[in-house]
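**Q** here's my sequence, what's the structure:
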Amino acid sequence: EQWTGLASDAQAPDATAEQRELLARLQHAIQQELTSHQRRIVVAIALNGVPIDVLAERLNTTRGALYKTLHDARRKLREHVEEDA
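**A** Here you go, the predicted model:
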């Protein structure tokens, strides 16, 4: 449900379709390409809007460690989506 909320219907139909296709590829990449730890961090921060300080406290880690995990996950996702394009 969160994924469909990310696509904007305020665009032209072809742009909306393209955006939904990209979101579907991204969702697949999150499930298949990321480690469970990376997936947990990406979903918490990017989809659920958990502030990084709160997440660091919940997971008993540092902001720096979470930023590194997020950076690595984004790199993996970007590479995967670019390969599929």
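
**Q** what ranges of the chain fall below the confidence cut-off?
**A** Applying pLDDT under 70 to the chain picks out residues 1-11, 13, 84-85.

**Q** which residues in it form helices?
**A** 2-6, 13-33, 36-42, 52-58, 63-84 (DSSP state H).

**Q** the longest one vs helix 13-33, what angle?
**A** Going back to what we said before, that points to helix 63-84. 120 degrees (axes from the mean of the first three to the mean of the last three CA atoms, to 10 degrees).

**Q** mind listing what's buried in helix 63-84?
**A** For helix 63-84, a neighbour-count test (16 or more other CB atoms under 10 Å) marks 66, 69-70, 73, 76-77, 80 as buried. Bear in mind the C-beta positions are built from the backbone N, C-alpha and C, glycine included.

**Q** same question, the third one
**A** In terms of neighbour count (16+ other CB under 10 Å), helix 36-42 has its buried residues at 38, 41-42.

**Q** on that earlier part again, and the buried residues of helix 63-84, which is closest to residue 19?
**A** Among those, residue 77 lies closest to residue 19 (CB to CB), at 15.8 Å.

**Q** tell me the spacing between the closest residue to the closest one other than its chain neighbours and residue 41.
**A** Spatial nearest neighbour of residue 77, excluding adjacent residues (CB to CB, 6 or more residues apart in numbering): residue 29 at 5.1 Å. Residue 29 sits 15 Å away from residue 41, taking CB to CB, to the nearest Å as the criterion.

**Q** if we can go back for a sec, can I get the buried residues of helix 63-84 in a markdown table with distance to residue 20?
**A** Shown next, in a markdown table, are those (distance: CB to CB, whole Å):
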| residue | distance to residue 20 |
| --- | --- |
| 66 | 29 |
| 69 | 27 |
| 70 | 24 |
| 73 | 22 |
| 76 | 22 |
| 77 | 17 |
| 80 | 17 |
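
**Q** what residue is smack in the middle of the protein?
**A** Nearest to the centroid of the C-alpha atoms of the chain, with distances taken as CA atoms, centre = their mean, sits residue 42, at 5.0 Å.

**Q** I'd say that one and residue 30 touch.
**A** Yes. In this structure, residue 42 is within contact of residue 30 by CB atoms under 8 Å, at 6.3 Å.
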